[in-house]
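>>> mind looking at a prediction? Sequence and model below.
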Amino acid sequence: MRGLIKMSLVASMALGSVYAADATNVQQMFANGAVSGQVRLGYINNKSEADTDTSATALGGQLKYETAALGGVSLGSAFYTSHSINALSGDADKNEYNEDLASSDKKYTELAEAYINYAYNDFNFRGGRQLIDTPLADSDDIRMTPHTFEAYVASYTLKDLGVTFIGAHVKNWQGVDAGYENVTNSRWADTGVDGTWMGAATYTSDVIEAGLWYYDVTKAAKAVYADVTGNMSVNDDVAFKLGAQYLSETETDNSTIEGNIAGIMAEASLFGATAMVGYDRVSVADGKQIFQGFGGGSSYTNMDTMTAGSLHDGTYGDGSSVVASLGYEILGANVFAAYGDFKADAIGAGTKAHVSELDLGIEYAYNEEVELALYYVIGEDKESSTETAFDDDHIQLTLNYNF
């Protein structure tokens, strides 16, 4: 799910590598290591037509340690945790509670990162539990802690050409989109029967960004994703961006995943204001569905709740979605609004679908340590006279302290 506007605050919520000075021996490797982390207070409340209390308040965050590099080798680990504040969460007497922030157990603690990293010149290899951000597998930090993946990732960069080659095997993953809210034994979900194999080539310059990605989700689907973005900066206050993307998926082992998404987007930044329009067209084979990845997905029309493929799960047919957004930076805060319209045609005995979503938000960074984000999301099922899962109306507040 998710991923409309990757604002600066949202991007900073996922802690990456902590770069420490190189070491000359094992003792220095650990003595010169670095500790980082984040304390997060979260609140969410889903409006319900019934007389129920679907709120939740939780306290959690991340604690990470990474050694200095010795001969190019470094080690890292991080615990992620979230604990419900029961007095400020739902109605215990009625067993009413929102599980999004701290799972059905009202708490979780996970060794979410544990890896070995090797870097030599322009080559890098990282194996173990780690943060990953790719078109079909990403951290998608939308609740209390981000997704992480048990994976083995190698990359090589030709700096003079701006080209990077990536190869990876992604075995499993954890996080809110992996279904942790209803898991009691293991919070790590499969990424295919034998994991997912991934290969990519990306290009980056001052004007062009492009990528070509291949995913083999074993015994489920093979996917190819490509995108290209053109950037033009007139001056420090005026910039423009144009982009195009394409995702093609072919099912394997009768998984019912078969289709494609094609999209375009345009963005303009003018004196602190940013306006964006995105369009995606979805085509699926009869009775099939679109898979948008392990995490938020990369489609231009993905929002807080709806995505380009949300309506295309085998019940509805081809369709399209359009999103328009406007953001403005003022007094250190980013205020934004986005509206999305999602439609799908009927196939077989199914019905048409038409859903809209309005996202309103403000993000404020007091300094590098303290950040605040407030979102209000209103979803409406325009084809149904009764309430459905698409009638999503919720508010979310997040307060971060980074160290």
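Yes, it's here. All values reported here derive from a predicted model rather than from experimental measurement.
>>> what's Leu88 in contact with, if anything?
Applying C-beta atoms under 8 Å, 6 or more residues apart in numbering to Leu88 gives the contacts 43, 55, 57. C-betas here are computed from N, CA, C, even on glycine.
>>> dig out what Tyr108 forms beta bridges with.
In this structure, Tyr108 bridges to Ser82 when assessed by DSSP bridges.
>>> check Asn334 too.
Going by DSSP bridges, Asn334 forms beta bridges with Glu329, Glu363.
>>> and it, how far is that from Tyr152?
Using C-beta to C-beta, to the nearest Å, one obtains 36 Å as the distance from Asn334 to Tyr152.
>>> which one's more surrounded, those two?
Neighbour count, other C-beta atoms under 10 Å: between Asn334 and Tyr152, Asn334 has more, with 21 against 17.
>>> can you pull the pLDDT of that one?
With respect to pLDDT, Asn334 has a value of 96.
>>> ok, now the one 3 residues further on?
You'll see Ala337 listed with a pLDDT of 98.
>>> count the residues that sit near the spatially closest residue to Gly179 that is not a sequence neighbour.
With C-beta to C-beta, 6 or more residues apart in numbering as the criterion, Gly179 has its nearest non-adjacent residue at 6.1 Å, and that residue is Ala189. Applying other C-beta under 10 Å, we find 15 other residues in the vicinity of Ala189.
>>> for Ala189, give its distance to Thr229.
For Ala189, the distance to Thr229 under the criterion C-beta to C-beta works out to 31 Å.
>>> same deal with Ala373?
In this view, Ala373 and Thr229 are 25 Å apart by C-beta to C-beta.
>>> so the two - more neighbours on which side?
Counting neighbours by other C-beta under 10 Å for Ala373 and for Thr229 shows that Ala373 has the greater number, 20 against 17.
>>> so the residue nearest to the spatial centre of the chain, which state does it fall into?
Of all residues in the chain, the one closest to the mean position by C-alpha atoms, centre = their mean is Asp140, 2.1 Å from it. The three-state label for Asp140, taken from DSSP: H, G, I helix; E, B strand; the rest coil, comes out as coil.
>>> oh, and call the first residue 18 from now on, that's how I've got it
Sure, I'll start counting at 18 from here, so that last one is Asp157.
>>> gap between it and Ala195?
The value you get for Asp157 to Ala195, if C-beta to C-beta is used, is 10 Å.
>>> list residues touching both of these two?
Shared between the contact lists of Asp157 and Ala195 (criterion: C-beta under 8 Å, 6+ apart) are residues His164.
>>> what lines up beside the helix or strand containing Glu388 in the sheet?
Assigned by DSSP states H and E, Glu388 falls within strand 387-398. When pairing is defined by DSSP bridges, strand 387-398 lines up against strand 370-382 (antiparallel), strand 410-419 (antiparallel).
>>> out of those, which is the most enclosed?
With neighbours defined as mean count of other C-beta atoms under 10 Å, those peak in mean count at strand 370-382, which reaches a mean of 20.
>>> any idea how far it is from the chain center?
Distance, stretch centre to chain centre, for strand 370-382: 15 Å (C-alpha atoms, centre = their mean, to the nearest Å).
>>> please apply the same query to stretch 177-185.
The chain centroid and the centroid of stretch 177-185 are separated by 22 Å under C-alpha atoms, centre = their mean.
>>> give me the residues contacting it.
149, 151, 168-175, 214-222.
>>> show me which residues of it are buried.
181, 183, 185 (16 or more other C-beta atoms under 10 Å).
>>> out of those residues, which sit inside helices?
By the criterion of DSSP state H, membership of the buried residues of stretch 177-185 in helices covers no residue at all.
>>> that older thread, just the contacts of Leu105 now: which is nearest Glu284?
When those are compared for distance to Glu284 (C-beta to C-beta), Tyr60 comes out closest, at 30.7 Å.
>>> just checking, the closest one is part of a strand?
Yes: checked against three-state DSSP, Tyr60 lies within a strand.
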